[in-house]
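Colleague: dropping the sequence and predicted coords here.
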Amino acid sequence: MLLVSRTAEAELERFEHSTRNGGDGSVSFIVVGDWGRRGAFNQSLVAFQMGRIGETIDIDFVVSTGDNFYDNGLTGENDTAFEDSFTNVYTARSLQKQWYSVLGNHDYRGDAEAQVSPFLRKIDTRWLCLRSFIVNAEIVELFFVDTTPFVDMYFINTENHTYDWRVVTPRKVYTENLLKDIETAVKESTAIWKIVVGHHAIRSIGHHGDTEELVQRLLPILQANGVDFYMNGHDHCLEHISDTKSPIQFLTSGAGSKAWRGDVKGLNRGGLKFFYDGQGFMSVQLTQTESAIVFYDVSGNVLHRWDVSKQLHPAI
């Protein structure tokens, strides 16, 4: 059951997610991004394998890293793309869990308010998409960040696309307040694992590369406050890059449908652990002391695995 509350310190909506794993504190979930194409471009095949892996590892929920509906988001609350690209595609039994989603830049090209509307939850109760929010799942807290308003190009180059900035403007105030809220939340978090989720990459060797606005403004907050993983989409690939200045691992899962072979900026990057220019998704399994990150291709084959142990400090 989801319990919603507001904190006095921040405007971030907070959700408590109770896991089903017998109280042992373990949490499992799948991460997928850049998917909403009415099943086309292998979206349905990726969804099938997500369902298979989801059942194998007994997932608690699904995380979507944005660009949920192509090419231009939803036209409104009654847009059939919602059911055609979400409800009717992710039909596996294991995927009938809560979905936590952020907005991507393509989502902002449509009616962004429609995607975050409670009305969509009446159509499909799995759907929960907000601009920025926190999910507390026992041993892990996930901090979902609305990254699109940080990116200068969407405000400078508007010749080809329009964006739904109704809640975002004035932009400077919006992004500054969001950064303050996120900094407060991650600093005060007592979770064993801290994960930040956004649409845009902080580090990537894919088509879009690093998002410099996030490197300058968000990354220092994550480095200073013990964040373990930053997970994103945007680049239509799968990749894993280690931070060179902190333990943070940058994990891109933006291969839920359309992808481009060879769309890479260079494989000689420091900290690069894995890159795959095809379709697929990622799974995450956490216990109090261990984490396992696994990347899968469109056929469900394991492409890369990353295991991390965490030493717990005894309570004083």
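Modeller: Perfect, I can see it now. Residues are numbered from 1 along each chain as shown.
Colleague: I'd like the distance between Trp35 and Ile139.
Modeller: 27 Å (C-beta to C-beta, to the nearest Å). Placement of C-beta: from N, CA and C, glycine included.
Colleague: neighbour count for these two, which is higher?
Modeller: Trp35 (32 against 19; other C-beta atoms under 10 Å).
Colleague: if we ignore the residues flanking it in sequence, what's nearest that one?
Modeller: Gly256 (2.9 Å; C-beta to C-beta, 6 or more residues apart in numbering).
Colleague: how many residues are close by that neighbour?
Modeller: 30.
Colleague: quick check: phi and psi at it.
Modeller: When quoted as degrees, to the nearest 10, the phi and psi of Gly256 stand at phi -70, psi -10.
Colleague: show the contacting residues for the most centrally placed residue in the chain.
Modeller: The residue lying closest to the centre of the chain (C-alpha atoms, centre = their mean) is Thr65, at 3.0 Å. The contact partners of Thr65, by C-beta atoms under 8 Å, 6 or more residues apart in numbering, come to 31-34, 102, 104, 197-199, 231-234, 253-254.
Colleague: all helices for this protein, in order.
Modeller: Ranges of helices in the chain, per DSSP state H, are 43-56, 81-82, 105-108, 112-115, 119-123, 153-156, 171-188, 212-217, 219-224.
Colleague: mean neighbour count, those helices: which tops it?
Modeller: Scoring these by mean neighbour count under mean count of other C-beta atoms under 10 Å gives helix 105-108 as the most buried, with a mean of 24.
Colleague: ok now that one, how far from the chain's centre?
Modeller: 14 Å (C-alpha atoms, centre = their mean, to the nearest Å).
Colleague: got a winner among the contacts of Thr65 for most neighbours?
Modeller: Neighbour-wise, the contacts of Thr65 (other C-beta under 10 Å) top out at Gly254, 35 neighbours.
Colleague: shouldn't it be in contact with Asn68?
Modeller: No. Applying C-beta atoms under 8 Å, one finds Gly254 not in contact with Asn68, separated by 11.7 Å.
Colleague: how about low-confidence regions in the stretch 201-316 of the chain?
Modeller: 312-316 (pLDDT under 70).
Colleague: wait, doesn't Asp210 sit right on Ile202?
Modeller: Yes. Using C-beta under 8 Å, Asp210 is in contact with Ile202, at 6.7 Å.
Colleague: looking at the two, which one has more neighbours?
Modeller: Ile202 (23 against 19).
Colleague: leaving out chain neighbours, which residue sits closest to the more buried one?
Modeller: Nearest residue to Ile202 in three dimensions, chain neighbours excluded: Leu214, at 4.9 Å (C-beta to C-beta, 6+ apart).
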